[in-house]
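Asker: A structural model of the following input is requested.
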Amino acid sequence: MGQLNRRALLRQLQKLDVASRADLAKALGMSQPTAGKIVDELIAAGVLEETGVIDTSGAESGLRGRPGRKLRLNRSKSQLLAIQLGLQETHVARLSLGAPEADEWHFTFALARNEADPAAAWEKSLRAAAKAVGGNDFLGVLVSVPGIVDETANRILFSPNIHWTEKADLAKIVRSVWHLPVLLVQEERALALGHHLAHPDCEDFLLVDFGEGVGGAVIMDGKPLANPLPISGEIGHTPVLGNTRKCGCGATGCMETLVSLRGLRESFAAIRGKKNSWAELREHIAAHGIEPWLAHSLDAAATAIAGALNVLGLRRVVITGSLTELPASVLAHLSRAVQNGSMWAKFGSVECAAAPRRRTAGLIAVGIDRMIVPDSPPPKISLKKNASGRRRTEFSN
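Answerer: All right, here's what the predicted structure looks like:
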């Protein structure tokens with residue numbers, strides 16, 4: 001019960017950003033002594049900190065005692081380490097428990113193409129990053145990774161765009177560098193949790209992120225959608241009829257081959273007859289609007305998104321990533337196409353809005369839930385001998 005109360009209090013403080021003990025007790029229907037005890041424990045553990053703002057609500061409500069200070073998640077100390085594994089670059093950042101307004105990375109390195117042993121090269125670069133960002137005084141490491149991820153087993157099962165990670169034990173590599181607990185987090189889930197943390201009233205939505213690939217994640221009732229299998233949101237691998245492009249997943253015609261960064265540039269190059277940069281693509285769209293080739297790609301994405309809304313029973317779509325960097329006409333076209341394919345648009349409104357990526361905020365949310373106030377303590381592992389003298393491994397809480 002104590003752990004459940006701690007989780008509830010921290011989640012409430014994440015929503016409020018800054019609050020007094022009395023605010024938290026009232027919002028949670030918890031007695032003030034209970035709330036105060038939990039707060040004192042979390043302050044002692046360095047999870048919470050008092051701000052310089054004096055709370056006078058106690059005096060105004062007739063409560064005895066001196067006015068107390070407002071509380072917030074600790075922003076004074078870096079307690080978590082975040083790593084974002086991308087197709088071309090890896091980013092590393094120190095994180096406090098107070099979610100930042102925007103992602104800020106403290107160290108970035110690129111992995112050279114055609115490495116004979118990409119895992120070994122990545123580990124070597126991580127060691128350089130460790131020297132730059134600090135040592136082992138963190139509570140743990142959160143690693144944002146693409147693909148199909150079994151977060152419980154800390155394994156990448158399939159990564160269409162970074163295949164070498166399927167055979168590498170990334171958690172083990174990171175532990176060898178920092179000697180800390182490590183959690184792999186599917187990148188779209190991190191983005192969705194970060195958006196929800198920034199907008200706690202937005203409790204039901206489909207987030208679709210456009211970048212090196214196209215992925216999605218679902219938040220329902222303020223929580224990630226639970227699935228019986230470690231797979232969800234693979235919206236980019238919806239097949240598009242007539243599309244003959246090969247996808248990194250091994251299939252032909254996946255939607256992300258049309259609207260990923262590479263896909264859009266390939267389509268643009270096809271009409272111009274030469275290679276181009278992302279900046280040139282933006283300038284072209286600003287000057288010429290939504291041409292047929294671009295409309296076709298956006299309509300394919302909208303069809304997949306609308307289908308997901310119809311199946312899940314959602315009416316809100318959050319778009320992050322590269323499409324938000326293009327002229328506003330791109331998102332406007334996508335939004336109209338999504339609404340045309342959404343059943344709920346015939347009865348009510350369907351929202352399709354752009355938002356910044358808040359990956360580090362999502363990783364902080366996972367760190368708090370799974371490292372600081374987990375549902376249950378991690379099992380203790382011990383080796384014991386049985387009657388025949390053989391050793392056996394026992395797990396206990």
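
Asker: can we go C-alpha only for contacts and neighbour counts from here?
Answerer: Will do.

Asker: neighbours of Asn114, just the number please.
Answerer: Using other C-alpha atoms under 10 Å, Asn114 has 7 neighbouring residues.

Asker: Leu312 too?
Answerer: Neighbour count of Leu312, defined by other C-alpha under 10 Å: 13.

Asker: again, but for Arg189
Answerer: The number of residues near Arg189, taken as other C-alpha under 10 Å, comes to 27.

Asker: which SS class is it?
Answerer: At Arg189 the chain is in helix, as set by DSSP: H, G, I helix; E, B strand; the rest coil.

Asker: quick one: the nearest residue to it once chain neighbours are set aside and Ile235, what's the gap?
Answerer: Nearest non-adjacent residue to Arg189, counting by C-alpha to C-alpha, 6 or more residues apart in numbering: Ala217, 5.5 Å away. Counting by C-alpha to C-alpha, to the nearest Å, the separation of Ala217 from Ile235 is 9 Å.

Asker: The residue nearest to Arg189 contacts Leu193, correct?
Answerer: No. Using C-alpha atoms under 8 Å, Ala217 makes no contact with Leu193, being 9.1 Å away.

Asker: need the contact list for the nearest residue to Gly213 once chain neighbours are set aside.
Answerer: In space, and not counting its chain neighbours, Gly213 is closest to Ser260: 5.2 Å by C-alpha to C-alpha, 6+ apart. Neighbouring residues of Ser260 by C-alpha atoms under 8 Å, 6 or more residues apart in numbering: Phe210, Gly211, Glu212, Gly213, Val214.

Asker: follow-up on the earlier one: give me the more crowded residue out of Ala217 and Ile235.
Answerer: Ala217 (25 against 22).

Asker: How about that one: which residues does it bridge to?
Answerer: Counting by DSSP bridges, Ala217 is bridged to Leu207.

Asker: For this structure, name the helix or strand with the lowest mean pLDDT.
Answerer: Least confident helix or strand of the chain, by mean pLDDT, DSSP states H and E, is strand 391-396 with a mean of 37.

Asker: ok, back up a step: what separates the residue nearest to Gly213 from Ala301, distance-wise?
Answerer: Distance from Ser260 to Ala301, by C-alpha to C-alpha: 10 Å.

Asker: Same check on Arg6?
Answerer: Counting by C-alpha to C-alpha, the gap from Arg6 to Ala301 is 41 Å.

Asker: Have a look at these two and say which one is more surrounded.
Answerer: Ala301 (24 against 19).

Asker: Find me whatever residue is spatially closest to the more buried one, sequence neighbours aside.
Answerer: Met255 (6.4 Å).

Asker: any idea what sits nearest Pro224, other than its immediate chain neighbours?
Answerer: Val218 (5.8 Å).

Asker: Next, count neighbours for Ala25.
Answerer: 18.

Asker: ditto for Lys274
Answerer: For Lys274, using other C-alpha under 10 Å, the count is 9.

Asker: distance of it from Leu142?
Answerer: Lys274 is 40 Å from Leu142, by C-alpha to C-alpha.

Asker: And Ile219, by the same measure?
Answerer: Distance from Ile219 to Leu142, by C-alpha to C-alpha: 20 Å.

Asker: Which residue ranges of the stretch 101-250 of the chain form helices?
Answerer: 118-133, 170-178, 187-198 (DSSP state H, counting those that start in this stretch).

Asker: And the average pLDDT for the shortest one is what?
Answerer: Spelled out, that is helix 170-178. Looking at helix 170-178 alone, the average pLDDT works out to 95.

Asker: okay, Ile219 and Leu142: which has more neighbours?
Answerer: Between Ile219 and Leu142, counted using other C-alpha under 10 Å, the more crowded position is Leu142 (26 against 21).

Asker: partner residues bridging the more buried one?
Answerer: Bridge pairing for Leu142 - DSSP bridges - gives Ala82, Leu183.

Asker: List the contacts of it.
Answerer: Leu80, Leu81, Ala82, Ile83, Val182, Leu183, Leu184, Val185, Leu363, Gly367.

Asker: again, 7 Å this time
Answerer: Leu81, Ala82, Ile83, Val182, Leu183, Leu184, Val185, Leu363, Gly367 (C-alpha atoms under 7 Å, 6 or more residues apart in numbering).

Asker: Compute the number of surrounding residues for the residue nearest to Pro224.
Answerer: For Val218, using other C-alpha under 10 Å, the count is 25.

Asker: mean confidence for stretch 190-198?
Answerer: Mean predicted confidence for stretch 190-198 is 95.

Asker: Point out where the stretch 251-397 of the chain drops to low pLDDT.
Answerer: For the stretch 251-397 of the chain, the stretches with pLDDT under 70 are 375-397.

Asker: just the angle between the one helix or strand Leu13 maps to and helix 187-198, please?
Answerer: Applying DSSP states H and E as the criterion places Leu13 in helix 2-16. Here helix 2-16 runs at an angle of 70 degrees relative to helix 187-198 (axes from the mean of the first three to the mean of the last three C-alpha atoms, to 10 degrees).
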